[in-house]
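J.: okay, structure incoming, though there's no sequence with it:
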């Protein structure tokens, strides 16, 4: 079974600075998908970024980028130019590919990020 | 473009009662997954529905059951409620024909069992 570990329960960063959230996972699969989701205090889970394991290039979405190290089974999220609206719980999630349809997401326990003014 | 919607937003029940939660998927999506998120934890997969059938199931007892309707909306039913069932219940939708498509989440239903 796949597991996802987020070793930082809480982190804080000053507005406009850069912060990196860590995530490691365990799987015997060669192809899979990794996600970072954001859950603000309003609780709606929002996709931040997605990475396909077969792609060597790290995914980037505006201020959000990942450092995907497949051999090390590491998938960290870097937030640049942090904004107050980035304050939220961040969840790392794993999905294995499926022949016929969407698979389940396996989540880590989350990292609570606070952006300070 | 309507996103995933869930109802009700909050619910209070007592032990032993039964509850039904509802989910409407994002427009164009045909697959619905349900997750339970206990306080301070990541979501845990309950089950997934496609073509009105349960495709996958996580490690949850039979007290948890579901249904999917022809319009792709879904219900989650929990019987004989326990205090430990108190959690945020999240619904996520996706499109099976794009097998690894992202799952989009609804705002959740907060269930409190007293």
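T.: Sure thing, it's come through. It should be emphasised that the depicted structure is a prediction, and the values quoted were computed from it without experimental measurement.
J.: middle-most residue in chain A, spatially?
T.: residue A:36 (2.8 Å; Cα atoms, centre = their mean).
J.: what residues does chain B put near chain A?
T.: For chain B, the contact set with chain A under Cβ under 8 Å from any Cβ of the partner chain comprises B:31, B:33, B:35, B:40-45, B:48, B:50, B:55-56, B:58, B:88, B:90, B:92, B:94-96, B:99-108. Every residue, glycine included, has its C-beta placed from N, CA and C.
J.: now, those residues that are in strands?
T.: B:31, B:33, B:35, B:44-45, B:48, B:50, B:55-56, B:88, B:90, B:92, B:94, B:104-105 (DSSP state E).
J.: how many residues are close by residue 94?
T.: Looking at chain A here, since you left the chain open. Using other Cβ atoms under 10 Å in any protein chain shown, residue A:94 has 25 neighbouring residues.
J.: that was the other one, I meant chain B.
T.: For residue B:94, the count of nearby residues is 25 (other Cβ under 10 Å).
J.: contacting residues for it?
T.: Taking Cβ atoms under 8 Å, 6 or more residues apart in numbering or on different chains as the contact definition, residue B:94 lies against A:102, B:29, B:31, B:33, B:101-104.
J.: quick one: the strands in chain A, in order.
T.: Taking DSSP E, the strands of chain A run over residues A:3-5, A:10-14, A:19-21, A:24-26, A:33-39, A:46-52, A:60-61, A:64-69, A:74-79, A:88-95, A:106-107, A:111-116.
J.: now the residue nearest the centre of chain B: how far from residue B:24?
T.: Geometric centre of chain B, nearest residue: residue B:34, 3.1 Å, by Cα atoms, centre = their mean. Distance from residue B:34 to residue B:24, counting by Cβ to Cβ, to the nearest Å: 13 Å.
J.: in the lowest-mean-pLDDT helix or strand in chain B, what counts as buried?
T.: The helix or strand of chain B with the lowest confidence, counting by mean pLDDT, DSSP states H and E, is strand B:53-57 at a mean of 90. Buried residues in strand B:53-57, counted by 16 or more other Cβ atoms under 10 Å in any protein chain shown: B:55-56.
J.: my read: residue B:75 touches residue B:67, true?
T.: Yes. In this structure, residue B:75 is within contact of residue B:67 by Cβ atoms under 8 Å, at 4.8 Å.
J.: quick check: which ranges of chain B have low pLDDT?
T.: Within chain B, the segments meeting pLDDT under 70 span B:1, B:97-100.
J.: now with 90?
T.: B:1-2, B:28, B:40, B:50-51, B:55-56, B:94-102 (pLDDT under 90).
J.: let me know the pLDDT of residue A:64.
T.: Model confidence at residue A:64, given as pLDDT, is 96.
J.: burial check on it, number of neighbours?
T.: By the criterion of other Cβ under 10 Å, residue A:64 has 16 neighbours.
J.: repeat for residue A:26
T.: Neighbourhood size, residue A:26 [other Cβ under 10 Å]: 12.
J.: beta partners of it?
T.: Counting by DSSP bridges, residue A:26 is bridged to residue A:3.
J.: and the pLDDT for it?
T.: Looking at residue A:26, its pLDDT stands at 95.
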